[in-house]
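Q: Sequence first, then the predicted structure:
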Amino acid sequence: MDDPTDRWLTLELRLAALLHNPQRGADWSTALDAVLQQARALLGEDEDAALYWLLHVSATTPVGYSTAHALTCWALARLLAAPLGLTELQADALERAALTMNIGMTALQDALAVQPYPPDAQQRALIDTHAARGAQCLRECGVRDAAWLHIVEHHHEPDITDLPTQVLQRIDRYAALLSPRASRSGHDVVQGARQLQPHNAVDDTIHRALVTTLGVCPPGSFVRLHDGTVAVVLRRSGRPAEPWVARVQDADGRPLPEPQWLDTSDPAHAIDAALPATEVRLRLPHASLLRLARQASMARAGG
């Protein structure tokens, strides 16, 4: 199998071009639909590999933030739709909204991610109006799906009551908390989830679905193990707090020559803490790690 990270990178470039240069007419909508179908196919091939790549990229660099954030939110939306009981039409609208919710401020969002100071008054005004402007931009691009437009237009309203929009609000916030900015570090995944403590029954339902579906430490996140070594999460295990990981650093912070596959349900390899990605100074061999994960998964399935 070829390296899926190359295909995700290509897909991200195609989506970035559409978000930065929305065009009137059917061609833009057709091109976005092609990106969506390819993303669905990639996610369907290996959900854990997709999460590993999307969440890791989002948590390690602010460069190209807007598109990376859109793809991450899209993947979370697609994975949460079934556990939350969304209809096929609701799920489709949610996915499309996740990809395009910030089309009204794509360039600004990329600039803000690498800006070492908070938004100024002019930038804040653009942020505050981006949802409405984004929905209008989509209309001008030929979008007529009322549910899609509704989610984009209302995804920052605090008292919104429809479930798809509430889901996007939560995953938008979760993914943003994990992502670094030039002005701040990203949170680790446990801190990020803690920042989203439920305030009502719907929030609690979405929160539980998020943790159950992704795990406490989802693929792509870094963890410190009980022995002080550092690992990267590669695959979910079905036990939210006990994923499969690859140890990548020794207890003194030295990179290991070969990543070591571990099951954190083993007390000897238990997770002590989640780590912000910016705290781990390490360039990961992504293709090798994903091959290791596939091999280990096939060995378990066969054994």
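A: Structure received.
Q: How far off centre is the helix or strand harbouring Leu76?
A: Element membership for Leu76, per DSSP states H and E: helix 65-81. Relative to its chain's centre, helix 65-81 lies at 5 Å (CA atoms, centre = their mean, to the nearest Å).
Q: Distance of Ala293 relative to Asp46?
A: 9 Å (CB to CB, to the nearest Å). From N, CA and C alone the C-beta is placed, and that goes for glycine too.
Q: Oops, could you answer that again for Ser183 instead?
A: 34 Å.
Q: Just list the residues touching Pro83, thanks.
A: With contact set as CB atoms under 8 Å, 6 or more residues apart in numbering, Pro83 has these partners: 209, 212-213.
Q: How about the secondary structure of it?
A: coil (DSSP: H, G, I helix; E, B strand; the rest coil).
Q: Give the residue spans of the stretch 151-300 of the chain that score low on pLDDT.
A: The model of the stretch 151-300 of the chain has pLDDT under 70 over residues 299-300.
Q: what ranges do the helices span in the protein?
A: Assigned by DSSP state H, the helices in the chain fall at 4-20, 26-45, 47-60, 65-81, 88-100, 106-113, 121-140, 146-154, 163-178, 189-194, 201-214, 286-302.
Q: Switch those over to TSV; also include distance to Arg254.
A: Shown next, in TSV, are the helices of the chain (distance: least, CB to CB, whole Å):
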stretch	distance to Arg254
helix 4-20	25
helix 26-45	34
helix 47-60	20
helix 65-81	29
helix 88-100	39
helix 106-113	31
helix 121-140	42
helix 146-154	46
helix 163-178	26
helix 189-194	24
helix 201-214	30
helix 286-302	18
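Q: can you redo the ones you listed as JSON lines with mean neighbour count?
A: Formatted as JSON lines, those follow (neighbours: other CB atoms under 10 Å):
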{"stretch": "helix 4-20", "mean neighbour count": "17"}
{"stretch": "helix 26-45", "mean neighbour count": "15"}
{"stretch": "helix 47-60", "mean neighbour count": "24"}
{"stretch": "helix 65-81", "mean neighbour count": "24"}
{"stretch": "helix 88-100", "mean neighbour count": "22"}
{"stretch": "helix 106-113", "mean neighbour count": "18"}
{"stretch": "helix 121-140", "mean neighbour count": "16"}
{"stretch": "helix 146-154", "mean neighbour count": "21"}
{"stretch": "helix 163-178", "mean neighbour count": "22"}
{"stretch": "helix 189-194", "mean neighbour count": "18"}
{"stretch": "helix 201-214", "mean neighbour count": "17"}
{"stretch": "helix 286-302", "mean neighbour count": "15"}
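Q: looking at these, which is closest to Ala231?
A: helix 286-302 (10.5 Å; CB to CB).
Q: residues in contact with that closest one?
A: Contacts of helix 286-302 (CB under 8 Å, 6+ apart): 1, 3-5, 46, 48-49, 52-53, 56, 232, 234-235, 244, 246, 259, 261.
Q: do the same with stretch 133-147
A: 22-26, 28-29, 89-90, 93, 96, 100-105, 148-149, 152-153, 164.
Q: how about 7 Å then?
A: 22-26, 28-29, 89-90, 93, 100-104, 149, 152-153 (CB atoms under 7 Å, 6 or more residues apart in numbering).
Q: for Leu214, what are its contacts?
A: Leu214 neighbours (CB under 7 Å, 6+ apart): none.
Q: Tell me how far it lies from Leu84.
A: On the measure of CB to CB, Leu214 and Leu84 end up 13 Å apart.
Q: Output the below-cut-off pLDDT ranges for the stretch 1-150 of the chain.
A: Judged by pLDDT under 70, the stretches of the stretch 1-150 of the chain that qualify are 1-2.
Q: 90 instead?
A: 1-5, 23-26, 57-63, 118 (pLDDT under 90).
Q: wait, what's in contact with the residue nearest the centre of the chain?
A: Central residue of the chain (CA atoms, centre = their mean): Thr72, 2.7 Å from the mean position. The contact partners of Thr72, by CB under 7 Å, 6+ apart, come to 54-55, 58, 175.
Q: Turn those into a markdown table, columns for distance to His226.
A: Below are the contacts of Thr72 laid out as a markdown table (distance: CB to CB, whole Å):
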| residue | distance to His226 |
| --- | --- |
| Leu54 | 28 |
| Leu55 | 23 |
| Ser58 | 27 |
| Ala175 | 28 |
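Q: Now flag whichever of these is closest to Arg40.
A: Closest to Arg40, out of all of the contacts of Thr72 and judged by CB to CB, is Leu54, at 13.5 Å.
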